[in-house]
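Asks: Make a model of this:
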Amino acid sequence: MAMVACRECEQQVSDSARSCPQCGIDSPGGVTQLEIRRVSKITGSLVPMAVWVDSEHVGDLTSGKSFLVTVTPGVHRVECGLQQRGNKGAAQEFDVPVGRRLVVVVSPSKWNGKPSFSAEFA
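Replies: Numbering: from 1, shown residues only. Okay, the predicted model is just below:
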């Protein structure tokens, strides 16, 4: 967690703060994007994968698809699980810096469906 100048009032605030304690603006440290992409595979391709970011359900992915989530800069926890299993199969934390888009690639195991993650900057 780093201190940055609020984009509205210029007061020092945590880069991961949801709102500025001085002026109240949302995302005072700025916003960035997290792209979550599911690898295209034949095995399990018909079963949607549920995705949570910071314990909030943000959507479902089918094989070969992706979507964007706008987040504040900082560390975010991504959790994924096949919907037929009804649980969050795996989770990993990613540090998303300000002004960069991080692409998280999710690949479910062909044996038990448990996802694995890799990440790269777009």
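Asks: Now do the strands in the protein.
Replies: In order along the chain, the chain carries the following strands (DSSP state E): 3-5, 12-14, 32-38, 49-53, 56-61, 66-71, 74-82, 90-96, 101-108, 115-121.
Asks: quick one: low-confidence parts of this structure?
Replies: 1, 42-45, 84-88 (pLDDT under 70).
Asks: Mind doing that once more with 50?
Replies: In the prediction, the chain carries no residues with pLDDT under 50.
Asks: Tabulate the strands of the chain in CSV, adding columns for distance to Q22 and mean neighbour count.
Replies: Where C-beta positions appear, they are placed from N, C-alpha and C, glycine not excepted. Converted to CSV, those look like this (distance: least, Cβ to Cβ, whole Å; neighbours: other Cβ atoms under 10 Å):
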stretch, distance to Q22, mean neighbour count
strand 3-5, 11, 13
strand 12-14, 7, 17
strand 32-38, 22, 19
strand 49-53, 27, 20
strand 56-61, 26, 15
strand 66-71, 22, 15
strand 74-82, 19, 19
strand 90-96, 24, 15
strand 101-108, 28, 19
strand 115-121, 31, 14
